[in-house]
Structures are given as C-alpha cells and as structure tokens.
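>>> Using only what follows, build the 3D model:
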Amino acid sequence: MMLRYALQTVRHRKAGFLGAFVALLCATALITACGTLLETGLRGTIRTERYAAAPVLVSADRMVRETTVKEKKGGTKTKHKAKPVAERAWLPAATADTVRAVPGVERVVPELTFQAVPLTGDSGARRPSYGHAWSSAPLTPFTIADGQPPRNADEIVVERALAARAGLRPGSELTVQSTGEPRTYRVSGIAHTPRGDLTHQSALFFSDDEARRLSARGGQVSAIGVLPAPGIGATELAARVERALAGTTAQVATGDDRGPAEFPDAAGARTKLVSMGGAMGGTSLLVAILVVTGTFALSVQQRHRELALLRAIAATPGQLRRMIGREALLVGLAAGTAGALAGLPLAAWLHGCFVAGGVVPGALERTTGVLPMCAAVAAGLLGSWAAARITGRRIARIRPAEALSEAAVERRRTGRLRAVAGTLLLAAGAVLVVVLGSLRTEPASTPVTFLAVVVLAGAVSLLGPLLVRSATALLAGPLRLAGPGGHLATANLRGNATRMASAVTPLALLIGMACTVLFVTPTLGNAARTQARDGIRADWVLSAQGPGVTREAAERVRRTPGVAAATETVHTSVRVGLAKYAAQGVTPAGLTRTWDPRVTGGTLAGFGEGTAAVSELAAARLGLAPGSPLTLTLGDGTPVTLTVAAVYARGLGFGDLTLPHDLVAAHMDNPLASGVLVAAEPGSGVGREQLAAAVRDVPGAVVLSAAQADGARAERQDAGAEINLLAMGLVLAFTAVSVVNTLVMSTAERFREFAMLRLAGAERRQVLRMLRTEALAVLLIGTVLGSGIALAVLTAFSVGMTGVAAPAVLPVGYATVVGLAGLLALAATALPGRVALRVAPVEHATAKG
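Prediction:
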C-alpha cells in the first residue's frame, strides 16, 4: 500500500520533487564524469602509431620497483610496488642481438626516438615532434612517396602531414632543433604510411649516423621492433623473446600494450588522471551527499502537513518511513539514470579540456564504460534513500495527537541527535585543519584541503538552525532599520531557522569551496615565486621560445665581456625509493654568483660532479645531512648515488633536489636548458643589447630581465591555476546549482504565507522587500560562514606548505565569488516570489495544504 501511495505522491506532486530530482541529476552526472576520468586513468587505451607494423615490441622498463617483506604471525608478507620514471627509458643496443637469435624471428628493427622540432613557425596542433633513423621506418611502415631516403648527414625525410603544413617538398631546406645546436637540412624525400597520417606526433627521419649523433645515446636504443617469421603468431613469439630476455630490464609487448612504450608521457598521465579523477570524484560525492540530504530535508519539511495528516489517520511511523524511502528511490532511479547518461558528454568535454590544456596527452584515449554509470546510479539511489529516511525520521515518530500542530509550527529546539552529530562533525573538521597545517607536500595536502571544507560545511548544515538563530539575534537591530519588511524578515529568520539554514548551507559551501579552489594555488605559487625571486641573483635570464636554450648559446653568453657567470638550468623529476621529487640540474661554475637557495647546512663551494644539494623538507623526510649518501633514480631510470653537499631552505622556489647539470641533462628526453641565469660583473655595464647580440643568430633566444622572468613564472602559475579551477569547476557549478535549487524550493514553499500577508494588508512591494531582506541576511550569514571555513583551511594549508600563515586571498577574486553568490541568492528568491505574488492571495489562502 505504501508503494502505491509513494507512486501517487510522486505522480501528483511533481513540482515538489523537482528540486530533489535536479540535485540528484547533477550529482550523478558529476560522479559519472569523474568516474569516467578515473576509469580512463586505470584502463584507458594507448594505441600505437609508430610501431603499428611491429607485432612484438621490446622496450626498457620505465618502472622503479620496490619489494618489502614484513614479518607477521604465521609467516611473512611480501609487497611489490612500482612507480614510473619521468623520462623515456633506454635499452642496451646489444639487446637486439639477443632478440635476433630467438627462433621464429624474421627481422629485428632497432629504434631511436629523440626530440626533433622543425622550426617552421607551424605549431602542428601542438603535437610533439620526434626524430628517428630511416632504417627504422618499416616499424610503421613509412615509405617514400616523393624523393629519396636520406643518404648523408645533411638530408632529412619528413612525413606527408608535416610537409603539407609547412609547405615542404624535396629540395626544400628545414631547420631542426634537436638535442644540440639547430641545424639546417635539405629535405630529400616525403614519406607516407598506408595506415594514414600520424595523429599524435610528427616524424622526421635522418640518416642512421646522424640519428645516433642527435640521440646522444651511444650504445643504446629506445625500442626494438620484432617481425615474426611466417606462421609464427605474435603472442607465441613474444613469449619466446620474453624468455630470452629474462633477468634483464627489457619488457616485451604486443597489441595495445605497445602504446605506453611509444608514448611514455601518456602512460605517466594515467597516474595523474587516477589522482585527479579520484580527488574530484571523492569531493563530488561528499558535496552531493551534503546537498542531496539538505534538499530532501527541505522537501520533507514542505510536506509536514500532508505527512502529519497520514499520522493522524493511523499511519504507523514504519509505514511513513517506508513510503518516504520508496519515494526517494523512485526519484533517485529516474534522476540517477538521466544523470548517468548526461555524465558521458560531460566526461568527454572535460577530457577534451584536459587534452587541450596539455594535462593529458591525446594518445590516452577516453574509456567509456558502464561501471562509472552504474556506480553513479547506485550512489544516487543510496544517497536519496538514506537522505529521505534521515530527514523523515522526526515527522514519522511524532504522536498522532500532535501531528497537525507539529505541521503548523516549526519546532524551536534543535534535535539532540542533530546537535551531537553537528558538534562531532565540527570537531572532525577542526582535526582536519590541524592535520593540514602539518602536511608539507602538495599530493598529501590537496585532498585533505577539500575534505576539510566539505566536513566543516556539513557541520554548518547540522548546526544551521542554531547558527541562524544566533546570527538573527545579532542582525535584529540592523534589520529593523529596513522598516516593516525588516521586522517581517527578522520574525521569519527566528521562527523558521531550519528552513533558513537549508539556504545558508549551500551558500556557505559554495563560497567556502570557491575561495579554496581559487586561492589554494596562488597561496603555494606566491610562496614559490617569492623564494625564487629572493634567491635568484642573476641580472638577466636567457630563455628560448621553443624547446630550450642550447649549450652553444649559453657558452656565447659566458664569453660576453662583463658576464661574471652563466648558470644553465634543466628541470625534471627523480625518485628516491618510490617517492617522487622535483629536481633541477645546474652548472656548478659560478653558481653562487647567480643563485642563492639560502644554504642552512654544508656549502655549495664543493658542489659539482658526484654531489647534490637538498631542501630542508627533503632532508628531513629522507634523514639526510651534509656528507650523507643519497641514492636516487634519474628520469630515465638510471640509478646513481651522490653525496649531499648542502641543505637549503628555499625548496618551494628551487625544488627539493639540486643536481649537477650534465648528470641530469644526459638522462632527459630534452637536455636543452629551460633557462640560463646571467650575472654581470659589478660596474661592467653589460646589458640586454650585448647579450642579445651574442645570441642573435640562435633561433628563439630571448633575453629577459629578472622582473620579466618573474612575470613569466607568474604566467605559468596562472596556467596551472586554470587547470585546477577547471578540475574543480564542475563541483563548484554543481554547488551553485544546489544554491539556486534550494532557494527556489524554500521560496516556493511559502505561497500560503505570502497570501496571508497580503490578506492581512501587506502590499506586494512590502512582501518583496521582506524577501530581499531575508535573502541578504541569508547571504550575509552564508558569506561569513563560508569565508571563515575557507580562511581556516587556507591558513592551515599555507602553514603546512610554506611555513607561514599567509594565504593568498585576492580581493578581486573574493569580491567576484561573493558577488556571484549574492546574485544567485537574490535571483533565486525574487523570481519565484514574484511568480507567487501574481496570483490573487485568496486563491493561495484557500488552497489545500
């Protein structure tokens, strides 16, 4: 019977359930989108392009592996963990001979892949460009469509798509920036492949000797393609090759497993997507629980008269709870299904934005599976059912004799269980803030940051009526100045604190979450920029509008009269154990003239080959001091042991590890310097003109002042902030929708109240003024609570990450957040209020409740 009532209620009260439907639809769409990103990170396909004609591919292992053994009762427990390195890993060239001897191998094709950027002024849709030896062209396969293969060191073959974009043909000249100095080649031929043009990269082919010179990897290859003899399957041959290479660092792949070896950046992006999708999905789920619970609470509160009548005609508490739960399941199923379907194009759009922003390579294809959709629908069903049962608990337990009176007047006392739960949640939020203040790494602090915001907003939701009554007591005086509308608004805030709290909560969540998202990156970025600005002693910075600054350009600057020192800098990441650390390589000569990381232990005087400098944070985490050995894995997986020469304080500005330039550059895909710090001799007068003249014929070389270099760092910081804002923008959009949804529901409930005020003599404009006054009061309360949450969380984040309580709160950004929240609040209150006041008051006053 209760199921029939639930169906009839949903059918005849569509408008009453619309708010819950909208909240659940947005929640499930958001969860589906985040789940799709997470699934893409876990199972997304990386299809091969370059190695399409090689059924079996041998490549180097890019993982750093660690095995731990723990003693436990009844035996030992062994754990195997692995993390990827940052750069492309390389194989010994002799591996090809081992593979060539395997039975069933018809041909072995060694491959060299290295940076080779054509300086044509064409971005090629921002796709990466790689050089190869022409002897490896059969791996795709590429064949000559026009011209001939490269026969000497000054000839090059380009793929057809690149030739079309750059207007190249046989006989044209092309300047290429590879791992060394730019060089101009003559295009000897145009190559094409029967499989179609490459989608995610551009290919340039050199003679074998020139390719070996440019790769700068003597005695190594990046991969080995294996072609089976007739009658031998790829799987069978791969197993034979794997057995032959057992005990080495080589990996054997077939099918789509070849893709990660071709696109190591796409393979590395898997971890980023898993982390990003998990963080967004977890935050979305928590926000959804908070919003949906509040929406159902308001929906059930609007039906107190109806539910009280059922209690008065002998409906049992259990029957009411079952009816409310079944109503929620019906709404949850409809909204969850629609939201899960809407989440798929949302995930496609978000993935496209990440690809366009360079966060995720296009080679990592988006996976569209049913698992995220099923999980979203299940979360919507469970969340709606739980929210409805919790919010319907009080009305279902009242005694029949009290039912109708309870429906008429909102209970003034906050339930004991609600108050206790709110206090516990507030304490949990305080603990998270304290913990956040002790976290020193961004991967650890970021999830705690947003979790703290949601938990504190949850505490506001539970303690909302108490907070609204307390705030009303403080605002009573100013509200009276607004005349009759102010008096009515004060009475409503006091008498309907629970309803008002349901509007305050999403506003506080929106403002708290938006401020946190907007200001968390600048807080960290400003501290890093300040440390870099204070620590760089250079007068000028040589930069490049391309792959980087070459060694020859840096040497020209060093030889310029009046230059005291020129420090080349490269950036990468390394692993100490499995932990990832940002690292930079710097040239030791004259380092202290251009660079001051504020050494607190040891000295940079002996920094050079075989040594390293570490930040105080890294030293504390790794237990290092000057003179300690430091064993790490470089970007391409090469292990090395160095001696710590110095410990420095400015780790945010200069990274956790500083290593010798030549050591780092030799193990990077792009060994060109990201910049060269230039210090002038005092009184020498050397300036931009002299330095620019020294590198005038170097393509893309630019001389920047210290202030301009700092501005460039700020631009890169803003680009990173945009990506973070995009990642959390959907959560903010969902929260904004919930603000409008809740306020519209809250105002729509009061049609009878407005009619009674009109019948009592209140004019239409007085009722609207009352609504505006209430909305402004709710906005003020929500702004204070949301700002307090954001300030507490951002301050703790700043203390943990920078060591000082200095969150970067940008006035314009903050004013924009509050202004948009106010606009939403006023519009969502005024529009339904105007609609209600268009109907004659007697119609509402006599309508059935």
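>>> Just say helix, strand or coil for Ser59.
Put simply, Ser59 is strand when judged by DSSP: H, G, I helix; E, B strand; the rest coil.
>>> ok, it to Arg88 distance?
Ser59 is 9 Å from Arg88, where distance means CB to CB, to the nearest Å. (Glycine included, C-beta is placed from N, CA and C.)
>>> For the stretch 51-200 of the chain, just list every one of the helices.
95-100, 160-166 (DSSP state H, counting those that start in this stretch).
>>> the more surrounded of Ser59 and Arg88?
Per other CB atoms under 10 Å, whichever of Ser59 and Arg88 has more neighbours is Ser59, with 28 against 25.
>>> Bridging across strands, which residues link to the more buried one?
Beta bridges link Ser59 to Ala223, Gln251 when assigned by DSSP bridges.
>>> Quick check: it touching Val226?
No - contact between Ser59 and Val226 fails when scored by CB atoms under 8 Å: they sit 11.1 Å apart.
>>> quick one on the thing from earlier: mutual contacts of Ser59 and Arg88, please.
Contact with both Ser59 and Arg88 is made by residues Ser222, according to CB atoms under 8 Å, 6 or more residues apart in numbering.
>>> How many residues are close by Ser787?
For Ser787, using other CB under 10 Å, the count is 18.
>>> Tell me who's in contact with it.
By CB under 8 Å, 6+ apart, the neighbours of Ser787 are 511-512, 515, 814.
>>> how close does it sit to Val274?
Ser787 sits 33 Å away from Val274, going by CB to CB.
>>> Export the helices of the stretch 51-200 of the chain as a markdown table, with columns for mean pLDDT and distance to Gly219.
Shown next, in a markdown table, are the helices of the stretch 51-200 of the chain (pLDDT from 0 to 100; distance: least, CB to CB, whole Å):
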| stretch | mean pLDDT | distance to Gly219 |
| --- | --- | --- |
| helix 95-100 | 96 | 11 |
| helix 160-166 | 92 | 30 |
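>>> mind putting the ones you listed in TSV, mean neighbour count and distance to Gly383 included?
Shown next, in TSV, are the helices of the stretch 51-200 of the chain (neighbours: other CB atoms under 10 Å; distance: least, CB to CB, whole Å):
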stretch	mean neighbour count	distance to Gly383
helix 95-100	18	54
helix 160-166	19	49
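>>> what's the closest of those helices to Leu346?
Closest of the helices of the stretch 51-200 of the chain to Leu346 is helix 160-166, at 31.6 Å (criterion: CB to CB).
>>> Export that closest one to PDB, keeping only CA atoms.
C-alpha atoms of helix 160-166 as PDB (Å, rounded to 0.1, in the frame of the first residue of the first chain):
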ATOM      1  CA  ARG A 160      53.500  13.900 -45.500                       C
ATOM      2  CA  ALA A 161      51.300  15.700 -42.900                       C
ATOM      3  CA  LEU A 162      54.200  17.900 -41.800                       C
ATOM      4  CA  ALA A 163      55.300  18.600 -45.300                       C
ATOM      5  CA  ALA A 164      51.700  19.700 -46.200                       C
ATOM      6  CA  ARG A 165      51.500  22.000 -43.100                       C
ATOM      7  CA  ALA A 166      55.000  23.600 -43.700                       C
END
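>>> how far out from the middle of the chain is that helix?
Chain-centre distance of helix 160-166: 34 Å, with CA atoms, centre = their mean, to the nearest Å.
>>> What is it packed up against?
Applying 3 or more CB pairs under 8 Å, 6 or more residues apart in numbering; DSSP states H and E, one finds that helix 160-166 contacts strand 183-192, strand 202-206.
>>> most tightly surrounded among the ones you listed?
When those are scored by mean count of other CB atoms under 10 Å, the highest mean neighbour count falls to strand 202-206 (a mean of 26).
>>> about what we covered before: nearest to Ala645, of the helices and strands packed on helix 160-166?
Nearest of the helices and strands packed on helix 160-166 (CB to CB): strand 183-192, 36.8 Å.
>>> got the CA coordinates for that closest one in PDB?
Provided in PDB are the C-alpha atoms of strand 183-192 (Å, rounded to 0.1, in the frame of the first residue of the first chain):
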ATOM      1  CA  ARG A 183      70.900  22.600 -37.900                       C
ATOM      2  CA  THR A 184      69.500  23.100 -41.400                       C
ATOM      3  CA  TYR A 185      68.800  20.000 -43.500                       C
ATOM      4  CA  ARG A 186      67.800  19.500 -47.100                       C
ATOM      5  CA  VAL A 187      64.500  17.600 -47.500                       C
ATOM      6  CA  SER A 188      65.400  14.600 -49.600                       C
ATOM      7  CA  GLY A 189      62.000  12.900 -49.500                       C
ATOM      8  CA  ILE A 190      58.400  12.900 -48.300                       C
ATOM      9  CA  ALA A 191      57.300   9.800 -46.500                       C
ATOM     10  CA  HIS A 192      53.800   8.400 -46.000                       C
END
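>>> Break this structure into its domains for me.
Listed domain ranges for the chain are 1-43+263-409, 56-262, 435-529+712-849, 546-699 (source: automatic domain parsing).
>>> follow-up on the earlier one: show me which pair in the contacts of Ser787 is furthest apart.
Taking CB to CB as the measure, those span a maximum distance of 11.8 Å, between Gly512 and Tyr814.
>>> how about the strands in the stretch 601-750 of the chain?
For the stretch 601-750 of the chain, the strands defined by DSSP state E, counting those that start in this stretch cover 611-615, 629-633, 639-648, 657-660, 675-680, 701-705.
>>> between those, which one is nearest to Ala544?
Ala544 lies closest, by CB to CB, to one member of these: strand 701-705, at 5.7 Å.
>>> And the closest one, how far out from the chain middle?
Remark: strand 701-705 is offset 31 Å from the chain centroid, using CA atoms, centre = their mean.
>>> related to what we said a few turns ago, need the domains of the chain in TSV (columns: distance to Leu425).
Below are the domains of the chain laid out as TSV (distance: least, CB to CB, whole Å):
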stretch	distance to Leu425
domain 1-43+263-409	10
domain 56-262	35
domain 435-529+712-849	4
domain 546-699	32
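>>> With respect to Ala538, which of those domains lies nearest?
Ala538 sits nearest to domain 546-699 of all the domains of the chain, at 3.7 Å, using CB to CB.
>>> Could you tell me the end-to-end distance of that closest one?
Length of domain 546-699, first residue to last, CA to CA, to the nearest Å: 8 Å.
>>> So which elements touch the host helix or strand of Met323?
Under the criterion of DSSP states H and E, Met323 resides in helix 317-356. Contact partners of helix 317-356 among helices and strands, from 3+ CB pairs under 8 Å, 6+ apart: helix 2-12, helix 14-43, helix 264-302, helix 304-312, helix 370-391, helix 393-397, helix 706-748.
>>> mean pLDDT lowest for which of those helices?
Mean pLDDT values for the helices and strands packed on helix 317-356 show the minimum at helix 2-12, a mean of 51.
>>> Next one: the closest residue to Leu245 other than its chain neighbours relative to Ala261, how far apart?
Once flanking residues are discounted, Leu245 sits nearest to Thr98: 6.4 Å by CB to CB, 6 or more residues apart in numbering. Distance of Thr98 to Ala261, given as CB to CB: 18 Å.
>>> do the same with Tyr185
Counting by CB to CB, the gap from Tyr185 to Ala261 is 27 Å.
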